[in-house]
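[1] Got a predicted model here, sequence first, then my questions.
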Protein chains: 2
Amino acid sequence: MSINTYEKEFLETLKKISRYEQAINVMYWDMRTGAPRKGEESRAEAIGQLSADVFQMRTSPRMKELLDTLAGQKQDLPFDTQKAVEEAKKEYDLNSKIPEEEFKEYTTLTSKAESVWEKAKKASDFSLFAPYLEKIIDFKKRFISYWGYEGHPYNTLLDQYEPGVTVEKLDALFSELREAIVPLVQKIAASDKKPDTGFVHDHFPKERQRDVCHFFLQELGYDFEAGRLDETVHPFQVTISQGDARVTTAYNENDFRSAVFGTIHECGHAIYEQNIDEALGGTNLSDGASMGIHESQSLFYENFIGRHQSFWTRYFDKIKEASPDQFAGVTAEGFYRAVNESKPSLIRIEADELTYPLHIMIRYEIEKAIFSGEVSVGDLPKLWNDKYEAYLGITPPDDAKGILQDVHWSGGDFGYFPSYALGYMYAAQLKSSMLKDLPEFDRLIENGDFQPIRKWLTEHVHIHGKRKKPLEIIKSATGEELNVRHLIRYLEEKYTTLYL
Amino acid sequence: MSINTYEKEFLETLKKISRYEQAINVMYWDMRTGAPRKGEESRAEAIGQLSADVFQMRTSPRMKELLDTLAGQKQDLPFDTQKAVEEAKKEYDLNSKIPEEEFKEYTTLTSKAESVWEKAKKASDFSLFAPYLEKIIDFKKRFISYWGYEGHPYNTLLDQYEPGVTVEKLDALFSELREAIVPLVQKIAASDKKPDTGFVHDHFPKERQRDVCHFFLQELGYDFEAGRLDETVHPFQVTISQGDARVTTAYNENDFRSAVFGTIHECGHAIYEQNIDEALGGTNLSDGASMGIHESQSLFYENFIGRHQSFWTRYFDKIKEASPDQFAGVTAEGFYRAVNESKPSLIRIEADELTYPLHIMIRYEIEKAIFSGEVSVGDLPKLWNDKYEAYLGITPPDDAKGILQDVHWSGGDFGYFPSYALGYMYAAQLKSSMLKDLPEFDRLIENGDFQPIRKWLTEHVHIHGKRKKPLEIIKSATGEELNVRHLIRYLEEKYTTLYL
């Protein structure tokens, strides 16, 4: 067989996988947006079936043959196929190096662990969850030994979410960031210049919030012919296929911020997906470059646009129209200050953009200590609380508001948290470069002219899909290596002006 | 291997197929209820992929082995498995007897033919569609020779939609029905007692129609924990899985009847699906017994309940509330008469319950003549028009309102139409038997107490799924063979009272 025959079969398999994933994603979206209760059990079975079939296609002996053959004649393949082979090979290794029996045990364990975590969180009792966490960590350590690692064992986990990012790099980035943020947070705490935020909790009818969210999506350039907006309990963005990148949002009538900023956040994810090169459709490269790069786009939209003063100069009247009583005595300036309130808090997902990275660093340091073997599960709650005191000046009153707050560990998702903070760094660095090309950035926002911004992001980030690694994207878009100074400068400027 | 091992593998394969079908049905439902335009092309590919995989599972050499082995030891299998084997064997034979190449050609032809039919209908020019129809008929005739047949070649097609129903049976049923209906239709046309129907075309806001439809679904016992109501262009019912039987409806603000009676019709289909024995879940028996039996349930709800005078005695005030201006001068009696207006018309899907069977008979007679070779494609428009004149006293002015009105033939769906009329006969016969058990039928409707009616239908029809053949269901539910006199009596009584 010629290399072209192998390539054709390989690309056909990727296409078949992408069709299965489309089915899985529609079923998932449907389940989260209104599928009836009595169909849940069979829905889980159908998703499980197709997921198992995808796993099988990705790890079949035939896939191995295809990958080995194609990798051996790499130079004869088009660039995109080379990258697709690399990506599929990584997936293959990840999945096939773990003995099947062990992987099954692990899957059963984590699916049980999630409900145990839920119960433990409800009871605010870490000791209920600890034995499960211990087993999950044992599995993960064993998996790391199967996968292998360079430098720190945790690097292997990081690499799964953020290829190319290592403990060595993160340590340097986070320490620089911490040294800048911690004193700033302390100064803000001591400042008298506090925003008035009372009105954010006034009643804002759901229907009107929905209209506002729809309006912002349209303004920002979300393509409604290639997506839709629906309601869920937890907001998410899901890509069904090229040409169908959906967003969902959750409405809280006593805090409009969750729907408004949640929608703008998911809008950033969706605009990324809507602008990936169509030529990559049906391959494993038609996806975001990494968790962190994806997050950089959602954060860019949420914070650099949605929480920008110029945005509310333009749109404050619009939101006031939707809930006139609520915003009667509020100015655009007052609104802007209120939605950028910063103060140390216990819960990551409720944190503001300044303190958020500290929540991530705490988790990162703990995960690193777990996988270097420096700390045992029993020590974790104390370690967690000590770090919150050290970084944020507050101590969780209980496990629910402390170590049990996030679901991630119950699913074995170690190495995932840093991507959230990397997303901030990427976004700020992209913004710095964008300013060179679009010095009128603020005015564009004030005019509601988002097209040049979107175009810039598409050209430098979206279009590439998974063709480039996250750090390559940053390098080629900004001309320099990942540099946390951009985020630091942004936060210092913004929060000094707001509070000091 | 023991027979149990084969049985287990067979049932596992059916379960896998049902999971794939779930995925296909969710994707289909989503496509019809609001999926974005730009995702349509890949959606069609994903549905095509999973459908091909299902086809492959149903016709694989391994499936043949399983079926042969299990059929050979039938006596050792539980009753449900025996029936599931029969059903799968029928499916296998249907699909595997046609040479693969021919089937591919046929599939390509019919997918092209549908758009040709659309164009021909738009241009109202049968000659555009005729060459395609000719080829489709040639294929179908060849398929019949592969499948084999007993008696009339058309029997093989009938059997695919309505197992056990033959030309011999239909000829007798239809001629009796025709002899009763045609004079009745003529008497009504001559009657002066005509209902006032002007108000049906007054504006009825969509939102209010939606509320009314939702209300009727709830009243009739549709389980919203096992389904949902959405909007589409053409109403349909789709079963995603046991526990998830959805209905959709189309709102016409200038004719509320389409949404109201359309929803009640789909409700009948859905209540059937919601009440199939749970033990059949994941097998090929968890489905309606046939097209016609399914239609008997939707028609029972639409006509025997929804167009019953007692229904509007109870609910006229309810619908009046939703559109007060429209119904200001209308009485419950006037409303009942208006929604039961009967007059000869050209378009099948707009026909009333009295004239509807005549539309079906015309198609049946033409299809029969096609497959006995008595008529050529060129003769069809004239034959069509002559029959409309003979049965309904009206002649189509053009092909669009005549022979080109239905999509069915472009997809090769010959033998399908009779099921619509059989549904009427089944429904009327079931109603006669139900009256013996529930003589207070009219009062139950007037009280909005539908539970005993639903229970009766579940016990005699729904629960069995595909365990029984359509004519077995009728026999065991009513104690007699299919008998068209029940439908005739119902129509004569109702329309004599209304018009004569």
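    Here it is on my side, so go on.
[2] Can you name the residues of the stretch 301-450 of chain A sitting close to chain B?
    Counting by CB under 8 Å from any CB of the partner chain, the stretch 301-450 of chain A comes close to chain B at no residue. To be clear about C-beta, it is placed using only N, CA and C from the backbone, and glycine gets the same treatment.
[3] Show me where the stretch 301-450 of chain A has its helices.
    Per DSSP state H, counting those that start in this stretch, the stretch 301-450 of chain A has helices spanning A:309-322, A:332-338, A:356-371, A:380-392, A:417-437, A:441-446. These are given in chain order.
[4] Just give me the neighbour total for whatever residue of the stretch 1-150 of chain A ends up closest to chain B.
    In the stretch 1-150 of chain A, the residue that lies nearest chain B is A:G39 (3.0 Å; CB to the nearest CB). Neighbourhood size, A:G39 [other CB atoms under 10 Å in any protein chain shown]: 26.
[5] Would you tell me which of the helices of the stretch 301-450 of chain A gets closest to B:A52?
    helix A:417-437 (37.4 Å; CB to CB).
[6] ok, A:R19 - contacts?
    A:282, B:42, B:45-46, B:49-50 (CB atoms under 8 Å, 6 or more residues apart in numbering or on different chains).
[7] For it, what are phi and psi?
    Here is the backbone geometry of A:R19 (degrees, to the nearest 10): phi -70, psi -40.
[8] With A:T249 instead?
    When read as degrees, to the nearest 10, the backbone of A:T249 gives phi -150, psi 160.
[9] what separates it from A:G227, distance-wise?
    Distance of A:T249 to A:G227, given as CB to CB, to the nearest Å: 13 Å.
[10] Leaving out chain neighbours, which residue sits closest to A:G423?
    A:E295 (2.7 Å; CB to CB, 6 or more residues apart in numbering or on different chains).
[11] next one: A:V212
    Closest residue to A:V212 apart from its sequence neighbours, by CB to CB, 6+ apart: A:A322 at 5.0 Å.
[12] now swap in A:T263 and tell me
    Distance criterion CB to CB, 6+ apart; nearest residue to A:T263, sequence neighbours excluded, is A:C213 at 4.1 Å.
[13] The one you found: neighbouring residues, count only.
    Around A:C213 there are 23 residues (other CB under 10 Å).
[14] I'd say it and A:T249 touch.
    Yes. Between A:C213 and A:T249 there is a contact under CB atoms under 8 Å: 5.8 Å.
[15] OK, contacts around A:E40?
    So A:E40 contacts A:31, B:243 (CB under 8 Å, 6+ apart).
[16] before we move on, what about the one 5 residues further on?
    With contacts defined as CB under 8 Å, 6+ apart, A:E45 is in contact with B:R19.
[17] quick one: what helix or strand has it in it?
    A:E45 belongs to helix A:40-59 when assigned by DSSP states H and E.
[18] Could you pull out the buried residues of the helix or strand following that helix?
    Following helix A:40-59 in sequence order, the next helix or strand is helix A:61-72 (DSSP H and E). By 16 or more other CB atoms under 10 Å in any protein chain shown, the buried positions in helix A:61-72 come out as A:63, A:66-67, A:69-70.
[19] Going by residue numbers, what spans are strands in chain A?
    With DSSP state E, the ranges of strands along chain A come out as A:229-231, A:237-241, A:244-249.
[20] Out of these, which is closest to chain B?
    strand A:244-249 (3.0 Å).
[21] Given the closest one, what are its sheet partners and their directions?
    strand A:229-231 (parallel), strand A:237-241 (antiparallel) (DSSP bridges).
[22] Please enumerate residues in contact with it?
    With CB under 8 Å, 6+ apart, strand A:244-249 has contacts from A:29, A:32-33, A:213, A:217, A:222, A:226-232, A:235-240, A:259, A:262-263, A:266-267, A:269-270, A:273-274, B:35-36, B:38-39, B:42-43.
[23] Ok, stretch A:118-130 next?
    Here stretch A:118-130 makes contact (CB under 8 Å, 6+ apart) with A:113, A:116-117, A:377-378, A:380-381, A:398-401, A:403-405, A:410.
[24] and that stretch, how far apart are its ends?
    End-to-end distance for stretch A:118-130, by CA to CA, to the nearest Å: 13 Å.
[25] now do stretch A:150-164
    For stretch A:150-164, by CA to CA, the gap between its terminal residues amounts to 11 Å.
[26] With distance to A:S175 as new columns, can the strands of chain A be given to me in CSV?
    Output for those, formatted as CSV (distance: least, CB to CB, whole Å):
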stretch, distance to A:S175
strand A:229-231, 40
strand A:237-241, 32
strand A:244-249, 35
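[27] which residues does A:T110 contact?
    Neighbours of A:T110 in contact, by CB under 8 Å, 6+ apart: A:136, A:410-412.
[28] Now, of the residues you listed, which are buried?
    The neighbour-count test (16+ other CB under 10 Å) marks A:136, A:410, A:412 as buried among the contacts of A:T110.
[29] Now do the same for the residue nearest the centre of chain A: its pLDDT.
    Chain A has A:E295 as the residue nearest its centroid, 4.3 Å off, counting by CA atoms, centre = their mean. For A:E295, the model assigns a pLDDT of 97.
[30] wait, doesn't the residue of the stretch 1-150 of chain A closest to chain B sit right on B:R228?
    No. Taking contacts as CB under 8 Å, A:G39 lies outside contact range of B:R228: 9.8 Å.
[31] these two touch, right, A:L487 and A:A428?
    Yes. A:L487 is in contact with A:A428 according to CB under 8 Å; the separation is 3.8 Å.
[32] and the strands paired with strand A:244-249, which is most packed in?
    strand A:237-241 (a mean of 24; mean count of other CB atoms under 10 Å in any protein chain shown).
[33] How about the residues of the stretch 1-150 of chain A by chain B?
    In this structure, the stretch 1-150 of chain A approaches chain B at residues A:16, A:19-20, A:22-24, A:26-27, A:30, A:34-43, A:45-46, A:49-50, judged by CB under 8 Å from any CB.
[34] Take the strands paired with strand A:244-249 and lay them out in JSON lines including mean pLDDT.
    Formatted as JSON lines, the strands paired with strand A:244-249 follow (pLDDT from 0 to 100):
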{"stretch": "strand A:229-231", "mean pLDDT": "97"}
{"stretch": "strand A:237-241", "mean pLDDT": "97"}
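[35] CSV for those, including distance to A:K469?
    Listed next are these as CSV, based on distance: least, CB to CB, whole Å:
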stretch, distance to A:K469
strand A:229-231, 32
strand A:237-241, 20
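[36] what's A:H460 in contact with, if anything?
    A:430, A:433, A:473, A:476-477.
[37] whoops, I mixed them up, A:P439
    A:P439 neighbours (CB under 8 Å, 6+ apart): none.
[38] Now the helices of the stretch 301-450 of chain A in CSV, please, with extra columns for mean pLDDT and distance to A:D244.
    Output for the helices of the stretch 301-450 of chain A, formatted as CSV (pLDDT from 0 to 100; distance: least, CB to CB, whole Å):
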stretch, mean pLDDT, distance to A:D244
helix A:309-322, 98, 27
helix A:332-338, 97, 34
helix A:356-371, 98, 30
helix A:380-392, 96, 40
helix A:417-437, 98, 24
helix A:441-446, 98, 28
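[39] mind checking which of those is nearest B:Y146?
    Nearest of the helices of the stretch 301-450 of chain A (CB to CB): helix A:417-437, 58.0 Å.
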